[in-house]
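Engineer: Pasting a predicted model and its sequence here:
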Amino acid sequence: MSVRYAIYLAPPPDSALWRFGSSVVGYDAETGEDIAPAALAGFTPEEWFEQTHEPRRYGFHGTLKAPFRLAEGADETDLFAALARFAAGHHPFELPPLEVRQIGTFIALVPPAPVPALEDLAADAVEELDALRAPLSEAEIARRKPERLSARQLAYLHRYGYPYVREEFRFHMTLSSALAEPALGRATQALCDAYAASGAHLPVKVEDAALYVQEAPGMRFRILHRAPLGA
């Protein structure tokens with residue numbers, strides 16, 4: 001089965017944060033529609049569109065449980081039910097204003113400090129929904145470049161299908177593809193300026209866990225369902 005799902009944190013679609021992130025990546029995963037490329041200082045719209053091909057495929061989001069295929073014998077009904085049970089076990093919480101940061105060669109929005117409620121949400125998503133996840137194929141493992149992972153990250157890759165969980169988890173909302181200097185530095189400053197002007201630098205209520213779906217390889221992910229926290 002080629003359909004993949006992911007459990008992501010997606011800000012409310014009417015929030016300034018959602019509008020900002022979706023405009024930067026050029027795609028609204030809530031509506032499934034393209035958005036005109038962001039106007040960033042130092043880049044033409046066409047240039048910036050090229051710099052965001054990777055995050056545009058996934059839609060603006062923060063990962064809770066990375067993309068996975070359903071295990072044999074499981075279907076979407078099972079996934080909806082498991083997601084509802086998982087979400088019901090967590091209360092809504094507030095995400096503090098995020099900050100634009102470089103993470104290696106790409107740029108993302110990150111919390112200024114750890115958010116315990118967010119880390120608990122991600123850890124439980126990884127664990128509680130894992131029974132529905134099909135094992136990774138050899139090709140999927142290879143795409144994660146296991147030779148570059150630490151021993152613990154490699155163990156998590158094989159156990160949970162994703163290396164950056166539990167102690168390795170660092171919440172982020174990606175804004176660019178991998179960039180080389182000097183574009184990385186220029187893009188970081190331009191995104192800092194655009195973010196400051198956007199009105200998105202505000203606390204955001206996290207009230208649901210979003211289920212994203214990718215219908216076929218190469219297609220963009222879109223929001224299929226939002227499961228309310230504490231329901």
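Structural biologist: Received it, and whenever you're ready, just let me know what you need. Numbering: from 1, shown residues only.
Engineer: can we go C-alpha only for contacts and neighbour counts from here?
Structural biologist: OK.
Engineer: So for the lowest-mean-pLDDT helix or strand in the chain, what gets flagged as buried?
Structural biologist: The weakest-scoring helix or strand in the chain, judged by mean pLDDT, DSSP states H and E, is helix 138-143 (a mean of 90). Within helix 138-143, the residues that count as buried by 16 or more other Cα atoms under 10 Å are Ile141.
Engineer: helices or strands up against that helix?
Structural biologist: Using 3 or more Cα pairs under 8 Å, 6 or more residues apart in numbering; DSSP states H and E, no helix or strand is in contact with helix 138-143.
Engineer: what's in contact with the helix or strand just after that helix?
Structural biologist: Following helix 138-143 in sequence order, the next helix or strand is helix 151-160 (DSSP states H and E). When contacts are defined by Cα atoms under 8 Å, 6 or more residues apart in numbering, helix 151-160 is touched by residues Val126, Glu127, Asp130, Leu136, Ile141, Pro146, Tyr162, Pro163, Tyr164, Val165, Glu168.
Engineer: before we move on, the earlier item: can you give me how far the least confident helix or strand of the chain is from the chain middle?
Structural biologist: Centre-to-centre, helix 138-143 and its host chain are 20 Å apart (Cα atoms, centre = their mean, to the nearest Å).
Engineer: pLDDT weak spots in this structure?
Structural biologist: For the chain, the stretches with pLDDT under 70 are 1, 231.
Engineer: where along it do the helices fall?
Structural biologist: 16-25, 45-50, 53-58, 76-88, 116-128, 138-143, 151-160, 183-198 (DSSP state H).
Engineer: As TSV, those helices with distance to Lys65 would be great.
Structural biologist: TSV is the format used below for the helices of the chain (distance: least, Cα to Cα, whole Å):
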stretch	distance to Lys65
helix 16-25	19
helix 45-50	27
helix 53-58	13
helix 76-88	11
helix 116-128	5
helix 138-143	16
helix 151-160	9
helix 183-198	26
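Engineer: Pick the most buried one from those.
Structural biologist: helix 16-25 (a mean of 23; mean count of other Cα atoms under 10 Å).
Engineer: Which secondary structure elements does it sit against?
Structural biologist: helix 53-58, helix 183-198.
Engineer: again, 7 Å this time
Structural biologist: In terms of contacts (3 or more Cα pairs under 7 Å, 6 or more residues apart in numbering; DSSP states H and E), helix 16-25 is packed against no helix or strand at all.
Engineer: Now do that helix: everything it contacts.
Structural biologist: Residues outside helix 16-25 that contact it (Cα atoms under 7 Å, 6 or more residues apart in numbering): 11-12, 28, 35, 37-38, 52, 55-56, 60, 175, 198-200.
Engineer: Could I have the buried ones of those residues as ChimeraX selection syntax?
Structural biologist: The ChimeraX selection below is limited to those of the contacts of helix 16-25 classed as buried (16+ other Cα under 10 Å):
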select :11,12,28,37,38,52,55,56,60,175,200
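Engineer: Save the contacts of helix 16-25 as JSON lines, and put in distance to Arg186 too.
Structural biologist: Shown next, in JSON lines, are the contacts of helix 16-25 (distance: Cα to Cα, whole Å):
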{"residue": "Pro11", "distance to Arg186": "26"}
{"residue": "Pro12", "distance to Arg186": "29"}
{"residue": "Asp28", "distance to Arg186": "25"}
{"residue": "Ile35", "distance to Arg186": "22"}
{"residue": "Pro37", "distance to Arg186": "17"}
{"residue": "Ala38", "distance to Arg186": "15"}
{"residue": "Thr52", "distance to Arg186": "14"}
{"residue": "Pro55", "distance to Arg186": "18"}
{"residue": "Arg56", "distance to Arg186": "20"}
{"residue": "Phe60", "distance to Arg186": "21"}
{"residue": "Leu175", "distance to Arg186": "14"}
{"residue": "Ser198", "distance to Arg186": "18"}
{"residue": "Gly199", "distance to Arg186": "21"}
{"residue": "Ala200", "distance to Arg186": "21"}
